[in-house]
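[1] Below are the sequence and a predicted model; questions follow.
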Amino acid sequence: MYKLLGYITICLLAITTLPAQKIDTKLLHGMQARNIGPGGMSGRVTAIDVNLSNPNIIYAGTASGGLWKSEGGGVDWAPIFDSVKVASIGAIA
């Protein structure tokens, strides 16, 4: 029991004495939220396909019906199936 109390005391002392990292908010000035593709759709990717002749072109289907295309190796994404009313994307070819 005393050992457990000792561990708890050490943890509490460490938490209260460790300094927090300071963030320079000037670095964040001008940044805005943006939709980043499938990650913005709760991450429920149901299908992925890659163009083997150009691996920078990637398609991702999501559980909510979105189909996304990246021409930058997955760095940026654009929706390409927004006008179709479907429940989900289960396969891409």
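    Received the coordinates, thanks. Every value quoted in this text rests on a predicted model; they were computed, and no experiment measured them. Residues are numbered from 1 along each chain as shown.

[2] Could you list the low-confidence segments of this structure?
    Across the chain, the ranges flagged by pLDDT under 70 are 1, 13-20, 34-43, 87.

[3] hmm, try it at 90
    1-48, 60-68, 74-77, 79-93 (pLDDT under 90).

[4] What ranges does it have for its helices?
    Secondary structure of the chain (DSSP state H): helices located at 2-17.

[5] Next one: the residue nearest to residue 57 when sequence neighbours are not counted from residue 93, what distance?
    With C-beta to C-beta, 6 or more residues apart in numbering as the criterion, residue 57 has its nearest non-adjacent residue at 4.0 Å, and that residue is residue 51. All C-beta spots, glycine's among them, are computed from the backbone N, C-alpha and C. Using C-beta to C-beta, to the nearest Å, residue 51 is found at 12 Å from residue 93.

[6] More neighbours: the two, which one.
    Summary of the neighbour comparison: residue 51 and residue 93, criterion other C-beta atoms under 10 Å, with residue 51 having more neighbours (12 against 5).
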